[in-house]
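Asks: Got a sequence here, can you model it:
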Amino acid sequence: MSFAYKLKTADFRALAPVVFYGVVGAILLVLLPFANFPPHIGLTGTLSLVTAYGILKKRFWAFWLVLALLAVATTISLYTLSVIAFTSWTVAISMIVYAILTWLVTLHIILKRKPREA
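Replies: Below you'll find the model as predicted:
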């Protein structure tokens, strides 16, 4: 089957994590020059894009990247919330939404994961 055929036949639930990690990775890489090039934002954006590819191609290592990005995204969003202390409402709301969506997408991937056969 071709890649285009897989995209046409896939349902929204299958593509939602791919779209989430792809969009987050692109946003983080676009914001990189505006934030004065901090390495953690670039690394998180790159790992998000690699995770989107891994989920789309159903690679075995994608699950472990999802778990790593869960820890990184939670840490970044909670740290940013504690530093800005709701002085910038747009940043605060976006960090809350980012953390919640990361947890929901990770939960979705964990629940749909099939156990490996021994």
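
Asks: What residues sit buried inside whichever helix or strand Ile100 is part of?
Replies: Assigned by DSSP states H and E, Ile100 belongs to helix 89-112. Residues 92, 95, 98-99, 102, 105-106, 109 are the ones in helix 89-112 that count as buried (16 or more other CB atoms under 10 Å). Quick note: C-beta positions are derived from backbone N, CA and C, even for glycine.

Asks: what's the answer for stretch 34-48, then?
Replies: 41, 44-45, 47-48.

Asks: same for the helix holding Ile100, what does it pack against?
Replies: Where contact means 3 or more CB pairs under 8 Å, 6 or more residues apart in numbering; DSSP states H and E, helix 89-112 is packed against helix 12-31, helix 62-84.

Asks: Now for the nearest residue to Met95 once chain neighbours are set aside: which residues touch it?
Replies: Distances taken as CB to CB, 6 or more residues apart in numbering put Ser77 closest to Met95, at 4.2 Å, once the chain neighbours are dropped. By CB atoms under 8 Å, 6 or more residues apart in numbering, Ser77 lies in contact with 95-96, 98-99, 102.

Asks: still on that earlier bit, and for the helix holding Ile100, what's in contact with it?
Replies: With CB under 8 Å, 6+ apart, helix 89-112 has contacts from 13, 16-17, 20-21, 24, 55, 63, 66-67, 69-70, 73-74, 76-78, 80-81, 84, 86.

Asks: give me that answer again for 7 Å
Replies: 17, 20, 63, 66, 70, 73-74, 77-78, 80-81, 84, 86 (CB atoms under 7 Å, 6 or more residues apart in numbering).

Asks: Check the offset of it from the chain's centre.
Replies: 8 Å (CA atoms, centre = their mean, to the nearest Å).

Asks: one step back: from the contacts of helix 89-112, keep the buried residues only.
Replies: Neighbour-count burial (16+ other CB under 10 Å) is assigned, among the contacts of helix 89-112, to 17, 20, 63, 66, 70, 73, 77, 80.

Asks: Determine which two of the residues you listed are furthest apart.
Replies: Phe63 and Thr80 (26.1 Å; CB to CB).

Asks: is it possible to export the helices and strands packed on helix 89-112 to TSV including mean pLDDT and distance to Pro115?
Replies: Shown next, in TSV, are these (pLDDT from 0 to 100; distance: least, CB to CB, whole Å):
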stretch	mean pLDDT	distance to Pro115
helix 12-31	93	19
helix 62-84	94	12
